[in-house]
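Just to be clear, the model below is a prediction. Sequence and coordinates:
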Amino acid sequence: MTESKLPLLIGIGSRIRKSPYYESDLKYGVTGFTVYNKMYLPTGFSGPEKEYHSLVNDVTFGDFAGERQIEINGPDAHDFVRYVQPRNLEKCEIGSCKYIVLTDMHGGIINDACLIRLEEEKFWISPGDGDVILWLQGIAINSGMNVSIHEPDVSPLQISGPKSGKLIQKLFNGKHDDLGYYKAKQTSLQNIPMVIARTGWSGELSYELYLQDRKMGNKLFEIVYEAAQEFNGRVIAPNTIRSIEGGILSYGGDFGREHNPFTIGLGRLVNLDQEIDFIGKEALKAIKEKGLTEKLVGIELEGGPILKAPENFWPVSSNNKKVGRLSRAFFSPRLKKNIGLAIIDIDFAEEGTTVSVASPNGDLTSKVVSLPWFQADKENHLD
């Protein structure tokens, strides 16, 4: 007699925080959660391919509250932000958003993040999964800088897709039609306080509503849900397919602290010519001078459609010698092929190089390609 297998479930309890949109997630058919920044983050609603098609054709929205904010404020907030990351932020204006990497003393990556300057002495840092707040608080203790670091009551609801500009226009009666790419403003919607930003990690045109009162989460979700119906809106989770297509990286999976910004293609976020000191400056100089030993690349894999993301790293080899590891892969409906992200030895990172990827279903002949397959959409499509 064959013993039936029960589905794998994630336990829901008080130890992991629920987002302000948790009840809405349940109402609209969430099929699973993962834990992200010590909070439940939805992993699916109607399935990755249906959600993908809505994301690239219409408008989508969902609970991205696991994208926790870290607030840095005080007279030395600007100096502190410049010290903890290598991008030149000397001219970071109020209302500007910047993509940054936080590096350690060896040039390793603590995390990547979106930085928002809200006021002269007030910044938000929105990192990937990890304990960035502890890192920053630890640095602040002995920095000699007058800063305060804490997690504010802020929970993003992300709106993405080619029709997201029209949805924002409808929600705010055109008030934010002029909001530029990677810009942010304090605002409100039906007396719900928030910051609106042209940011997001979907690969499509995106806005984020940074809710500033968690008690209003489900109300905000309902407002967006009703307004989105006109545009064929769909509730979704972070979409693996589109993020791979766009080369949008995930900390802890696609890269980690053992990697440096140059390895993962983020050397543009490192300015070694600044007069100021920052954490990891000398190490990053040495890494750049030495040159890359490995590189993050795109991979196209042969074989049947990959419809489930890898649960573990898949070894990448050449002539039976391991040369790297693949972190994520999925079948792209637009490209009609399997695509993935991998970090491999620099000698095998040239575009067109053939490698073998060891999947649970056997070795897959694969090819190295450049990233991304599709650039991020930055237009708001209001015409």
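Structure's in. What do you need? Numbers count the residues shown, from 1 in each chain.

How about residue 345: what's its closest non-neighbour residue?
Leaving aside its sequence neighbours, residue 345 sits nearest to residue 323 (C-beta to C-beta, 6 or more residues apart in numbering; 4.5 Å). No exception for glycine: its C-beta is placed from N, CA and C like everyone else's.

Pairing partners for the helix or strand hosting that neighbour, with directions?
Assessed by DSSP states H and E, residue 323 sits inside strand 321-332. As defined by DSSP bridges, the strand partners of strand 321-332 come to strand 314-318 (antiparallel), strand 337-345 (antiparallel).

just to revisit the earlier point, check the contact between the residue nearest to residue 345 and residue 317; I expect there is one.
Yes - Residue 323 is within contact range of residue 317, at 6.0 Å (criterion: C-beta atoms under 8 Å).

what touches both of these two?
Counting by C-beta atoms under 8 Å, 6 or more residues apart in numbering, the common neighbours of residue 323 and residue 317 are residue 355.

can you map out the strands along the stretch 101-250 of the chain?
With DSSP state E, counting those that start in this stretch as the criterion, the stretch 101-250 of the chain has strands at 109-119, 122-127, 148-150, 155-160, 184-189, 192-197, 206-211, 234-235.

ok, and what's touching the shortest one?
Taking contacts as C-beta under 8 Å, 6+ apart, the residues outside strand 234-235 that touch it are 28-29, 45-46, 50-51, 54, 58-62, 225, 228.

domain parsing for the protein?
70-150, 244-369 (automatic domain parsing).

got a list of what residue 13 touches?
Contacts of residue 13 (C-beta under 8 Å, 6+ apart): none.

longest helix of this protein?
helix 217-228 (DSSP state H).

quick one, that one and strand 192-197 angle?
If you take axes from the mean of the first three to the mean of the last three C-alpha atoms, to 10 degrees, helix 217-228 sits at 60 degrees to strand 192-197.

Only the buried residues of helix 217-228, if you could.
Across helix 217-228, burial judged by 16 or more other C-beta atoms under 10 Å covers 217, 218, 219, 220, 221, 223, 224, 225, 227, 228.

and it, what other elements does it pack with?
Contacts defined by 3 or more C-beta pairs under 8 Å, 6 or more residues apart in numbering; DSSP states H and E place helix 217-228 against helix 22-27, strand 60-63, strand 155-160, helix 164-171, strand 192-197, strand 206-211.

if we go to 7 Å?
Counting contacts by 3 or more C-beta pairs under 7 Å, 6 or more residues apart in numbering; DSSP states H and E, helix 217-228 is packed against helix 22-27, strand 155-160, helix 164-171, strand 206-211.

would CSV of those with distance to residue 298, mean neighbour count and mean pLDDT be doable?
Listed next are these as CSV, based on distance: least, C-beta to C-beta, whole Å; neighbours: other C-beta atoms under 10 Å; pLDDT from 0 to 100:
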stretch, distance to residue 298, mean neighbour count, mean pLDDT
helix 22-27, 32, 18, 98
strand 155-160, 22, 27, 98
helix 164-171, 26, 22, 97
strand 206-211, 22, 25, 98
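
what residue is smack in the middle of this structure?
The residue lying closest to the centre of the chain (C-alpha atoms, centre = their mean) is residue 201, at 4.5 Å.

which residues touch that residue?
Residues counted as contacts of residue 201 (C-beta atoms under 7 Å, 6 or more residues apart in numbering) are 243, 248.

From residue 137, how far off is it?
Counting by C-beta to C-beta, to the nearest Å, the separation of residue 201 from residue 137 is 25 Å.

neighbours around the residue lying closest to residue 270 once chain neighbours are set aside, how many?
Computed as C-beta to C-beta, 6+ apart, the closest residue to residue 270 that is not its neighbour in sequence is residue 86, at 4.4 Å. Around residue 86 there are 25 other residues, counting by other C-beta atoms under 10 Å.

Residue 86 contacts residue 284, correct?
Yes - here residue 86 reaches residue 284: they are 6.2 Å apart, a contact under C-beta atoms under 7 Å.

Need the residues touching each of the two.
Joint contacts of residue 86 and residue 284 (C-beta under 7 Å, 6+ apart) are 103, 270.

Point me to the helix or strand that includes the residue nearest to residue 270.
Using DSSP H and E, residue 86 falls within no helix or strand.

is it true that residue 153 touches residue 216?
No - the criterion here is C-beta under 7 Å, and residue 153 misses it with residue 216 at 10.4 Å.

Which one of the two is surrounded by more residues?
It is residue 216, of residue 153 and residue 216, that has more neighbours when counted by other C-beta under 10 Å, with 19 against 13.

List the residues that contact that one.
residue 192.

again, but for the one 5 residues further on
If a contact means C-beta under 7 Å, 6+ apart, then residue 221 has 21, 24, 157 as its contacts.

if we can go back for a sec, what is the nearest of the buried residues of helix 217-228 to residue 103?
Closest approach to residue 103 among these (C-beta to C-beta): residue 217, at 33.6 Å.

Around the closest residue to that closest one other than its chain neighbours, how many other residues sit close by?
Leaving out its chain neighbours, the residue that sits closest to residue 217 by C-beta to C-beta, 6+ apart is residue 20, at 2.5 Å. The tally of other residues near residue 20 (other C-beta under 10 Å) stands at 23.
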